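Novice: predicted model follows, preceded by the sequence.
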Amino acid sequence: MEYRWLGRTGVKVSPLCLGAMNFGGPTDKPESFAIIGGALEAGINFIDTANVYNAGESERIVGEALRQDGRRRQVILATKVHGKMGDDPNEQGGSRYHILRACEESLRRLQTDYIDLYQLHRPPLATPPDETLRAFDDLVRSGKVLYVGCSTHPAWMVMEALATSERYGLARYISEQPPYNLLDRRIENELIPLCMKHDLAVLPWSPIAGGILAGRYRAEGDLPRDSRGARWGEKFTHRLNRAAVHVAERVAAMARERGMTATQLALLWVKDQPGITSPIIGPRTLAHLAEALPVLERCLDDTDRPIFDALVHPGNAIADFHSTSDWMKARITA
């Protein structure tokens with residue numbers, strides 16, 4: 001496969017990133033280990049987790065799997081900080097107090113002495129950016145973190161962080177991890193151009209729209225018992241509307257014509273969009289991983305791009321994948 005530059009770092013990563021959100025939750029430890037091993041064998045060298053995923057269990061499983069496998073040094077290991085990790089009011093957010101403590105805890109769970117990419121999981125709206133960045137800078141200077149990035153930030157806050165780093169000589173964000181799929185293309189308006197201009201890697205989460213673009217759902221009727229919609233309830237199902245299901249049906253038809261599954265075609269579209277570095281896949285089962293792996297070696301046909309654009313116009317959205325962002329005021333009600 002063709003590995004891609006991780007922003008301006010000089011580090012190369014696989015064009016798909018293994019997301020570990022399911023590990024230690026719906027995916028038990030043995031299957032999580034099998035998924036990690038299968039991904040590494042296929043050439044994926046990029047794993048993303050977060051301290052809040054299943055109350056730290058995701059980090060524990062990833063750390064144990066890499067220690068047993070012996071390939072920690074060949075993996076670009078990313079995790080995130082910001083979410084609530086306890087009852088104390090300071091066990092969350094972007095403060096120096098929380099970040100330095102949370103990093104030590106992540107290092108312990110991951111059984112490693114450094115994190116390759118440490119990301120701010122959500123923008124801390126009440127914390128000045130220089131406080132967060134000074135804490136990150138100290139972690140980089142100490143060798144506990146190699147690079148820092150952010151996740152689900154608006155473009156203006158990413159630019160503010162870059163300017164703050166430039167002003168004070170602090171470690172600079174090298175990546176942003178936004179929600180992005182065919183149903184929600186809003187990052188194309190400002191975030192993607194910003195990242196392309198300033199050499200930030202873009203690591204999209206939910207590239208198959210939580211399974212909507214895989215064809216798992218109907219606009220009406222019962223939810224599949226093992227689906228994310230069934231587990232998450234309204235937190236997810238507000239994204240499930242007739243327009244989204246219609247687009248999913250069209251993607252499935254296109255995929256059959258091209259000898260692919262709907263999952264593969266939806267993922268391929270994200271992987272080969274301008275400015276994208278490595279979409280994050282989140283397999284719950286080994287079969288889900290096996291379905292995604294062929295996308296590593298495929299390229300989107302340029303003649304197909306206008307077909308996708310006709311389904312959802314560039315920069316627009318028909319389902320809301322920014323609903324976990326306090327800063328996003330718009331809501332999609334299609």
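Specialist: Nice, I can see it.
Novice: look at Gly229 and report its pLDDT.
Specialist: We have a pLDDT of 63 for Gly229.
Novice: so Ala65 makes contact with Glu31?
Specialist: No: with contacts counted by Cβ atoms under 8 Å, Ala65 stays clear of Glu31, the gap being 11.2 Å. Where C-beta positions appear, they are placed from N, C-alpha and C, glycine not excepted.
Novice: okay, these two: which has more neighbours?
Specialist: Ala65 (24 against 17; other Cβ atoms under 10 Å).
Novice: who touches that one in this structure?
Specialist: Ser32, Phe33, Ile36, Gly37 (Cβ atoms under 8 Å, 6 or more residues apart in numbering).
Novice: next, the residue nearest to the spatial centre of the chain: phi, psi?
Specialist: Closest residue to the average C-alpha location of the chain: Trp205 at 3.2 Å, with Cα atoms, centre = their mean. When read as degrees, to the nearest 10, the backbone of Trp205 gives phi -100, psi 160.
Novice: that one: what's it in contact with?
Specialist: Gly19, Ser151, Thr152, Gln177, Pro178, Pro179, Tyr180, Pro279, Ile280, Gly282.
Novice: give the closest residue to it in space, chain neighbours not counted.
Specialist: Once flanking residues are discounted, Trp205 sits nearest to Ile280: 4.9 Å by Cβ to Cβ, 6 or more residues apart in numbering.
Novice: Arg96 now?
Specialist: Ala135 (4.1 Å).
Novice: that neighbour belongs to a helix?
Specialist: Yes: the assignment for Ala135 is a helix, going by DSSP: H, G, I helix; E, B strand; the rest coil.
Novice: near it, how many other residues are there?
Specialist: 24.
Novice: low-confidence stretches in the protein?
Specialist: Along the chain, the model assigns pLDDT under 70 to residues 219-224, 226-227, 229-230, 232, 235, 334.
Novice: one more time with 90, if that's ok
Specialist: Low-confidence segments of the chain, defined by pLDDT under 90: 1, 125-126, 215-241, 323-326, 329-334.
Novice: can you pull out the helices in it?
Specialist: Secondary structure of the chain (DSSP state H): helices at 29-41, 57-69, 96-110, 129-142, 155-168, 191-197, 228-232, 234-237, 242-257, 262-271, 286-292, 305-311.
Novice: and among these, the most buried is which?
Specialist: helix 262-271 (a mean of 25; mean count of other Cβ atoms under 10 Å).
Novice: report the angle between it and helix 242-257.
Specialist: If you take axes from the mean of the first three to the mean of the last three Cα atoms, to 10 degrees, helix 262-271 sits at 100 degrees to helix 242-257.
Novice: from the contact counts, what lies against helix 262-271?
Specialist: helix 242-257, helix 286-292 (3 or more Cβ pairs under 8 Å, 6 or more residues apart in numbering; DSSP states H and E).
Novice: if we go to 6 Å?
Specialist: helix 242-257 (3 or more Cβ pairs under 6 Å, 6 or more residues apart in numbering; DSSP states H and E).
Novice: residues making contact with the helix it packs on?
Specialist: 183, 212-213, 215, 219, 261-262, 265-266, 311, 318-319, 334 (Cβ atoms under 6 Å, 6 or more residues apart in numbering).
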